[in-house]
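[1] Structure, please.
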Amino acid sequence: MGQADIALQRNIDYFMTRLPSLLSEYLDQYVLIANAQIVEICSTYEAAVTLGYTKFGTDQAFLLQQIKRLPDRVDNHLACQAS
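    As a prediction, this is how the structure comes out:
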């Protein structure tokens, strides 16, 4: 398992542990997580993804997830770089 995969799994695991508390206050909003920490909660996908790329650029992975009872999509952002 590569470093990006490990970082992604840590962020997903963190999201899943925090989901019950997030649901009560932030249902249908978007959470930005990096390094297994909540960075920000945004009301729109566009605001969250813009903040993620502004804060982390294209070389650091972050998780952007809508807060829902059962997540139907997980976006992991790490730009591909040609070797």
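[2] In terms of secondary structure, what does the helix or strand hosting E25 contact?
    Here E25 sits within helix 3-26, counting by DSSP states H and E. Contact here means 3 or more C-beta pairs under 8 Å, 6 or more residues apart in numbering; DSSP states H and E; on that basis helix 3-26 packs against strand 30-34, strand 37-42, strand 62-66. C-beta coordinates here come from the backbone N, C-alpha and C atoms, glycine included.
[3] mind putting those strands in a markdown table, distance to D5, mean neighbour count and mean pLDDT included?
    Below are the helices and strands packed on helix 3-26 laid out as a markdown table (distance: least, C-beta to C-beta, whole Å; neighbours: other C-beta atoms under 10 Å; pLDDT from 0 to 100):
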| stretch | distance to D5 | mean neighbour count | mean pLDDT |
| --- | --- | --- | --- |
| strand 30-34 | 15 | 22 | 97 |
| strand 37-42 | 19 | 15 | 98 |
| strand 62-66 | 13 | 22 | 94 |
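[4] Now distance to Y14 too, for these, in a markdown table please.
    As requested, the helices and strands packed on helix 3-26 are exported to a markdown table (distance: least, C-beta to C-beta, whole Å):
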| stretch | distance to Y14 |
| --- | --- |
| strand 30-34 | 6 |
| strand 37-42 | 7 |
| strand 62-66 | 8 |
